[in-house]
Every structure is written in C-alpha cells, then in structure tokens.
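Chemist: Got a predicted model here, sequence first, then my questions.
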Amino acid sequence: MKGVILLVFFNCACVCSQAQVNYVLNPSFEHYRSCPTSVDQIRNATYWSQIDTFIIDPLCSPEFCNVCASLSSGVSVPFTPNYYYHYPRTGNGMVQMAMYVDDRGPSGVYQRDYTQGRLYRTLTAGKTYCVTFYVTLEQVSQYAINHIGAYLDDGTIDAGQDSIGCAAPQTRFTPQIIEDAVIDDTLNWVKVQGSFTASGIEKYITIGNFYNIENTDTAEVYFGTVSHASLYLIDDVSVIASDAVANAGPDGLVSPGSDSAFIGTTDEGMPCTWYVLGDTVPIGYSGGIKVYPDTTTSYVVGMDLCGNVTRDTVVVHVAPAGIGSVQMKYANVEIYPNPATTNFMIVHAAGSEVVMTDVVWREVKIINCQSDKEAIDISTFSSGVYFVQIIDPVTRTKITKKITKE
C-alpha cells in the first residue's frame, strides 16, 4: 500500500511559501486572471504584461498559453498541428513570443514581442543574483536566433511612454543576461542563464531579443507556417540570490492509506532537478514536487545557480500502520513571543532536538529541549526570519515553525 502524507508536509508548504527564494512573481505562468481565449493575452497571466502598459498593442503582445485554453483559441497546450507540440516545462502555463521577424510589419518596424514580469520586492544594491529561464523553438519558425536575453530595471523600459513603439527592437536597453548561442532546439527546453550585480532599482524583468536585425545571428531551420519569424516558448523564470542553496525540505513520515507526498518548497520556476537518491533519471523540476513512495525512499534535489550547484536530500519514511501517531507527539508545540527580540519560549517540546535555520536553511542553533518550557536565546542573531525545526529523536520526523527576530 502507498502512503498518505502527515502534518509535517502541510507545515512545510506553509513555511516555504513565506520564505520566497525566487524573486519572480508567478514565474511559471500558473496563475491567471482568466483563462486565455485568444492570442495577445499575456495580461491574463497574473503579474505579467507586454512592455506597453498604456496601449494594448497586438504587435508586441506575447501569447499566454495554458492547458485550460481550447484548441480554437490558438493558445492551447499543446497547439497542434499548427504551431507547437510542447507542454510547459512545469505546470500548466507558458508564454509564446516572436523574438525576431525579418520583414517590416504594419507599423513599419521589425516586429518583436517582449514580456515583462514583476518581482516581489526590489533587488538589493551590490548583491549578485542568478537569472534563469527556459526556452524552446517552435517548429513552424523559419529562423533560430541568438541574443535572447533578460533585462531587469525599474520599469523604464515601458515603450508606451515614447514614440519608438513596443514592437520595435529595444536596442537602447542592454540586457544583463544574454544568450550568445543560436537556440535551435525544437524538442527540449533550453536553459538561458546568467548572473549580474544589482544596482538596487530592479523590480521588473523583461524577456526578449534586444538586438536589431543587423546584430542578431540567425540560422534558417524551416520555412514553415510562420515565415520570416522566430517563435519561442518561455517557461520557469527565476531571479535568485547567488548565495541561495538547494532545499529539499524536512524529512517526512508517510503512513499507509494514500499515494503521494509533497517534498521541497512551494517556490515555482526554480532551476532545480529532482532525483531518487542513487538514480540519474530526473523525476521532476522546480522547488518542490509530489512523490509516490511505496517504501522509505531518499530523494535529492540539485539547484544550479549560474554554475554553483548545490544539493540537498530528504527522506520520506513509509511506516507501518500506527507508527504515524509518533509524528503527532510534538503536534502541540508552541513558540512565543513572535516576533521576538532577545529570546522566545518553546513549549511542549521536551525530549526533542530543536534546530534553527535561516531562510536558506543554514543551521544557526541546535538545542536539546530538556523541559516542557524552554527559553531560546536569539539576542545575537541578526534581524530577519528563521525556521524552528522540532525533531523527534526516534523517528527523525520534523515539524517546522517560523519565527521573526526583530
């Protein structure tokens, strides 16, 4: 029999969602205001738009594609046999963009799409970040191109404020992230990645080809339905501090009765790959995934931040019926006050091991609780958010809580 996940995973999901590692809002295009019904509806994807925020210009509006859309909409997933056979890299949503067109459109410019997303907060000046997104070329494109890139700023790129027009190549802006190679893969998702040091104004990310026709390298791949053009699909956009590390989440306990467990974090769009420990075949991507263990299984997640690869492991224990009640031993643990300044109290945790970590899961304190009410000194800690893991010394299962140090 397969297992049902217990309380530890629900706590983890709540905590991880509050400790957002990926700065991009809606990075995998999973969330939407309404299901797309036609082309040029990038605004339907929450927190995303074309770069003209004043006039909705179809010449520069990317397509929001989702499994909820009908085939007749032109943005279904997949959209066969006309445009693409692809499913999103993760989840249900992705974006289609015209990265290059070699003849002038109705506006007299070389048509180009740009998609702009919001960050959940402004980046920190002087701090280094790794930017990642994934692309694949649609098989109807005539050309494959290079110079697909990402530009991060305070929204100045908004072309609706001037006479250039949002469909024109935005050559006045130099993207911090540029892919110099021509991307001609119509089967696999190709990673575009690079790092940069923030100036402290960046709260938007814009993806597209910022080079003019003379400075874009092309490779003719197929004279398809859409001639003169390069159409690419985009998914899983991330902006992550370069010192972040992989996080597989706390170990969990599964008791017989159901078939899945969630491991990792709820961060979407992450440059992560999941494996069963000891295997080389990926079983999933993004910050967290569902797994279906029949027996106690170890999983490993690897995160590639611009060449800095970190890994973390998690064990999902599949226990005989009745063992799951051990997990509830510390279900009534409380911590207060929260926020705290110099110390906080932890109650109903006698006999447990308490491990405190920062938001990137680095251990900062380990305590063996001797009493049912114990004071934890955090007077020397920096202000910020920390996680408190209450670990059963027998089963090694964990319950995770969050505390803020003022």
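Modeler: Yep, it's here.
Chemist: and Leu119, what does it touch?
Modeler: Tyr23, Val24, Leu25, Glu202, Lys203, Tyr204, Ile205, Val239 (CB atoms under 8 Å, 6 or more residues apart in numbering). (Each C-beta comes from the backbone N, C-alpha and C, glycine too.)
Chemist: from those residues, which is closest to Leu152?
Modeler: Proximity of the contacts of Leu119 to Leu152 was ranked by CB to CB; the top entry is Glu202 with 4.1 Å.
Chemist: Surely that closest one touches Asp154?
Modeler: Yes: counting by CB atoms under 8 Å, Glu202 touches Asp154, with 6.9 Å between them.
Chemist: Which other helices and strands does the longest strand along the chain contact?
Modeler: In the chain, assigned by DSSP state E, the strand with the most residues is strand 229-241. Other helices and strands packing on strand 229-241, by 3 or more CB pairs under 8 Å, 6 or more residues apart in numbering; DSSP states H and E, are strand 93-101, strand 128-137, strand 143-145, strand 148-153, strand 204-209.
Chemist: from the middle of its chain, how far away would that strand be?
Modeler: Distance of strand 229-241 from its chain centroid, counting by CA atoms, centre = their mean, to the nearest Å, is 11 Å.
Chemist: Likewise for stretch 140-149?
Modeler: 24 Å.
Chemist: What residues does the residue sitting nearest the centre point of the chain make contact with?
Modeler: Ranked by distance to the mean C-alpha position of the chain (CA atoms, centre = their mean), the top residue is Gly269 at 2.1 Å. With contacts defined as CB under 8 Å, 6+ apart, Gly269 is in contact with Asn22, Val24, Pro27, Ser28, Thr90, Asp235, Asp236, Val237, Ser238, Ser286, Gly287.
Chemist: Quick check: phi and psi on the third one?
Modeler: This points to Pro27. Phi and psi for Pro27, reported as degrees, to the nearest 10, are phi -70, psi -20.
Chemist: what's the spacing between it and Ile346?
Modeler: 35 Å (CB to CB, to the nearest Å).
Chemist: more neighbours, these two?
Modeler: It is Pro27, of Pro27 and Ile346, that has more neighbours when counted by other CB atoms under 10 Å, with 28 against 24.
Chemist: picking up where we left off before, pull the longest strand of the chain out as PDB, backbone CA atoms only.
Modeler: Listed next in PDB are the C-alpha coordinates belonging to strand 229-241 (Å, rounded to 0.1, in the frame of the first residue of the first chain):
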ATOM      1  CA  ALA A 229       9.800  34.800 -37.900                       C
ATOM      2  CA  SER A 230      11.300  33.100 -34.900                       C
ATOM      3  CA  LEU A 231       8.800  32.000 -32.300                       C
ATOM      4  CA  TYR A 232       9.900  30.700 -28.900                       C
ATOM      5  CA  LEU A 233       8.100  29.300 -25.900                       C
ATOM      6  CA  ILE A 234       9.200  30.600 -22.400                       C
ATOM      7  CA  ASP A 235       8.700  29.000 -19.000                       C
ATOM      8  CA  ASP A 236      10.100  28.900 -15.500                       C
ATOM      9  CA  VAL A 237      11.600  32.300 -15.000                       C
ATOM     10  CA  SER A 238      13.700  32.900 -11.800                       C
ATOM     11  CA  VAL A 239      15.800  35.600 -10.200                       C
ATOM     12  CA  ILE A 240      17.600  34.100  -7.100                       C
ATOM     13  CA  ALA A 241      20.300  35.500  -4.800                       C
END
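Chemist: what angle sits between it and strand 148-153?
Modeler: 50 degrees (axes from the mean of the first three to the mean of the last three CA atoms, to 10 degrees).
Chemist: sorry, back to before: return the members of the contacts of Leu119 classed as buried.
Modeler: Buried by 16 or more other CB atoms under 10 Å: Tyr23, Val24, Leu25, Glu202, Tyr204, Ile205, Val239, out of the contacts of Leu119.
Chemist: Burial check on the residue lying closest to Thr357 once chain neighbours are set aside, number of neighbours?
Modeler: Nearest non-adjacent residue to Thr357, counting by CB to CB, 6 or more residues apart in numbering: Phe387, 4.9 Å away. Using other CB under 10 Å, Phe387 has 21 other residues around it.
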